[in-house]
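Visitor: okay, here's the prediction I keep looking at, along with the sequence it came from:
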Amino acid sequence: MTRRMAEQISTGALRSYVHMVAWAATLLALASCGGAGTPPAARGIPPASAVPSPTVVAPSAASSAPPSPPVTSPKPRPEPVTAGLAGSRLTTGSAMVALTFDDGPDPRVTPQLLDLLRTHHVSATFCLVGERVKLYPRLTARIAAEGHTLCNHSWDHAEYLYKRGDAQMARDLERTSAEIHRAVPGVPIRYFRAPYGNFTPGLIHVASRLNMIPLGWSVDDQCYLSDRYGTGRAMVRHMTARVRRETKAGAVILSHDLDKPQTLVAYRQLLPWLRKRFEMAALPPDPPPA
């Protein structure tokens, strides 16, 4: 072999070697980048089913409109009114007119009211609150001793007494009657008046089970509405006008003695007027069966 041939062979071998190195480098680069022949899982790429598709929001004419107000839940409907005078006795059942006084006894007003009734020879019905009877048993005894009828008006005048269970309502009424009997042993208690006149079939049933007649009214003198009709002379004018306008034969008139000095002033005027026109009497303490 000549020297020239040797140089040509060496040059060719060098070129082959360079080509082989370059090709190996290319393969290495492809492998490190995850070549097309490498499975996706082997290259650390999750399968297409695991990749969420991007959400595309199509533009619309409404996109420029102001956002709608948040949707709110509808307000709960008010509880239906079930309480009222329905089912209670609204009249005396005769031509007689009956005065009734609620929420006492009151140590300031009740004694003066008793004096006024005695002066005009009128008997009335007193609807008594149990916890006040407990405070003023001697005044309770005086009411009964002077010939007035006693009525159960609940233990503490709870406005929503009618929402309680039957057993709770019965305990309230029984406790009140027991307190009245402690003050006046053996006195008949044949009437029950619901606080605020809130009678319901359930409360009426409980009272009837305890042998008490639910007592409503047909005339309300509204002596308690001082925020609407004023106090003093203004209230007395309102009370007397209502009673004179609305009282008819057989009426049961509602008034109050607890914290109501206007009652004294109004009935000083009303008692002579009523006695000239109607027979006045307390509701019978032991009424005949209806």
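Guide: Structure received. Residues are numbered from 1 along each chain as shown.
Visitor: in the chain, which spans are helices?
Guide: All helices of the chain, identified by DSSP state H, fall at 3-32, 109-119, 130-135, 137-145, 166-183, 201-209, 226-229, 232-246, 261-277.
Visitor: how about those helices in CSV, adding mean neighbour count, distance to residue 86 and mean pLDDT?
Guide: All C-beta spots, glycine's among them, are computed from the backbone N, C-alpha and C. Putting the helices of the chain into CSV (neighbours: other C-beta atoms under 10 Å; distance: least, C-beta to C-beta, whole Å; pLDDT from 0 to 100) gives the following:
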stretch, mean neighbour count, distance to residue 86, mean pLDDT
helix 3-32, 10, 92, 45
helix 109-119, 17, 30, 98
helix 130-135, 19, 25, 98
helix 137-145, 18, 29, 98
helix 166-183, 18, 17, 98
helix 201-209, 18, 9, 97
helix 226-229, 12, 25, 94
helix 232-246, 17, 19, 98
helix 261-277, 18, 27, 98
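Visitor: can you redo the ones you listed as TSV with distance to residue 192?
Guide: Converted to TSV, the helices of the chain look like this (distance: least, C-beta to C-beta, whole Å):
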stretch	distance to residue 192
helix 3-32	97
helix 109-119	20
helix 130-135	12
helix 137-145	16
helix 166-183	6
helix 201-209	4
helix 226-229	27
helix 232-246	24
helix 261-277	22
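Visitor: now the residue lying closest to residue 177 once chain neighbours are set aside: how far from residue 255?
Guide: In space, and not counting its chain neighbours, residue 177 is closest to residue 189: 5.0 Å by C-beta to C-beta, 6 or more residues apart in numbering. Using C-beta to C-beta, to the nearest Å, we find residue 189 at a distance of 20 Å from residue 255.
Visitor: which one of those two is surrounded by more residues?
Guide: residue 255 (26 against 21; other C-beta atoms under 10 Å).
Visitor: quick check: beta-bridge partners of that one?
Guide: Beta bridges link residue 255 to residue 101 when assigned by DSSP bridges.
Visitor: again with residue 215
Guide: Beta bridges link residue 215 to residue 89, judged by DSSP bridges.
Visitor: distance of it relative to residue 199?
Guide: As judged by C-beta to C-beta, residue 215 and residue 199 stand 9 Å apart.
Visitor: again, but for residue 123
Guide: Distance of residue 123 to residue 199, given as C-beta to C-beta: 25 Å.
Visitor: the two: who's more crowded?
Guide: Taking neighbours as other C-beta under 10 Å, residue 123 and residue 199 compare with residue 199 leading, 24 against 16.
Visitor: number of nearby residues for the closest residue to the more buried one other than its chain neighbours?
Guide: Once flanking residues are discounted, residue 199 sits nearest to residue 88: 4.9 Å by C-beta to C-beta, 6+ apart. Neighbour count of residue 88, defined by other C-beta under 10 Å: 21.
Visitor: measure residue 88 to residue 158 for me?
Guide: For residue 88, the distance to residue 158 equals 17 Å [C-beta to C-beta].
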